[in-house]
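Undergrad: Sequence and predicted structure, then a few things I'm wondering about:
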Amino acid sequence: MAESTRATTSSEEGRPLPPIGSLTQRQVRGMDCVHCGIVLTAQTAVDLKPRLLRIADRTFTWFPRSCRRHIPPTP
């Protein structure tokens with residue numbers, strides 16, 4: 001089963017997301033930061049919007065989240 005692993009999407013702030021094939025299951029589920037893998041809580045997580053992933057003939061939704069360290073400050 002072929003899996004699309006290109007980082008074609010980016011976070012809201014413009015930072016590219018890592019290829020999904022390089023992420024752990026916890027990162028794909030939004031439990032850990034997609035950039036550094038740190039465990040996230042409701043207070044520390046930044047939602048990066050749900051993404052669609054196509055594998056073979058099926059489409060799945062994944063929920064990347066980041067820690068605040070990887071989100072640039074707003075001017």
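TA: Received, thanks. Numbering: from 1, shown residues only.
Undergrad: those strands in the protein, which residues are they?
TA: Ranges of strands within the chain are 45-47, 51-55, 58-62, 65-67, based on DSSP state E.
Undergrad: Out of those, which is the most enclosed?
TA: Mean neighbours per residue, mean count of other CB atoms under 10 Å, is largest over the strands of the chain for strand 65-67, with a mean of 22. In this view, the C-beta of every residue, glycine as well, is placed from N, C-alpha and C.
Undergrad: how close does T41 get to T59?
TA: Relative to T59, T41 is positioned 29 Å away (CB to CB, to the nearest Å).
Undergrad: distance of H35 from D47?
TA: Distance, H35 to D47, by CB to CB: 14 Å.
Undergrad: which residues does the closest residue to R68 other than its chain neighbours contact?
TA: Among residues not flanking R68 along the chain, V46 sits closest, at 6.0 Å (CB to CB, 6 or more residues apart in numbering). By CB atoms under 8 Å, 6 or more residues apart in numbering, the residues touching V46 are 65-68, 71.
Undergrad: Distance to M31 added to those residues, as TSV?
TA: Shown next, in TSV, are those (distance: CB to CB, whole Å):
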residue	distance to M31
R65	8
S66	12
C67	12
R68	16
I71	18
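Undergrad: ok, G37 touching Q27?
TA: Yes. Between G37 and Q27 a contact is recorded at 6.4 Å, counting by CB atoms under 8 Å.
Undergrad: Which one of those two is surrounded by more residues?
TA: Taking neighbours as other CB atoms under 10 Å, G37 and Q27 compare with Q27 leading, 24 against 13.
Undergrad: So what's the predicted local confidence for the more buried one?
TA: With respect to pLDDT, Q27 scores 94.
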